[in-house]
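Colleague: model this:
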Amino acid sequence: MQEECPSVMGEAAKEMTEQPLGERVLSRIRGDVLSLKLAPGEVVSERSLETTYGVSRTPIRQALAELIREGLVVKAERGYAIAPFDLQQLEEIFEYREIVEDAAIRLACERATPEELDAILRTVMRA
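Modeller: Okay, here's the model as predicted:
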């Protein structure tokens, strides 16, 4: 069973390198925002992001434009800032996710074959 992990990781790495540079940078910055590596309210500049991610300004600008559209980054007086969290809204999002994920799990279990359920159980037991 553990042999699956390296091939899955290899596939993910392969897919990541096949993406255009702008998309890879966007994914990395988005991941850092969502994981709080870039903190809410933190001011960032194109130059600092160039250094952090080791790419030129063009893909950084493209990523920032998309992150602004997504609401994860805001334009600041000097550069950009990671969008602040609204704790009430965050609580509501988690409550919503709990409801949706619970329903998705129930539905998947109802429709899964015994073999698929065994595979899910093995995955859960490994974790």
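
Colleague: What residues does V74 make contact with?
Modeller: Residues near V74 by C-beta atoms under 8 Å, 6 or more residues apart in numbering: 68, 80-81, 83. For glycine as for every other residue, the C-beta is placed from the backbone atoms N, C-alpha and C.

Colleague: Wait, a strand at A81?
Modeller: Yes. If the criterion is DSSP: H, G, I helix; E, B strand; the rest coil, then A81 is within a strand.

Colleague: so it touches S45, yeah?
Modeller: No. Counting by C-beta atoms under 8 Å, S45 is not a contact partner of A81; they are 10.4 Å apart.

Colleague: While we're on the residue nearest the centre of the chain, how confident is the model there?
Modeller: When C-alpha atoms, centre = their mean is applied to the chain, the residue found nearest the centroid is G31 (4.3 Å). In this model, G31 is scored at 94, pLDDT.

Colleague: Please parse the chain into its domains.
Modeller: As assigned by automatic domain parsing, the chain contains the domains 4-82, 87-126.

Colleague: on that earlier part again, show me which of A81 and S45 is the more surrounded one.
Modeller: A81 (18 against 13; other C-beta atoms under 10 Å).

Colleague: residues in contact with the more buried one?
Modeller: 41-44, 73-75.

Colleague: Equivalent analysis for G22, please.
Modeller: So G22 contacts 58-59, 62-63 (C-beta under 8 Å, 6+ apart).

Colleague: before we move on, what about L21?
Modeller: So L21 contacts 55, 59 (C-beta under 8 Å, 6+ apart).

Colleague: for I29, same thing?
Modeller: Going by C-beta under 8 Å, 6+ apart, the list of residues near I29 reads 38, 49, 53, 63-64, 67.
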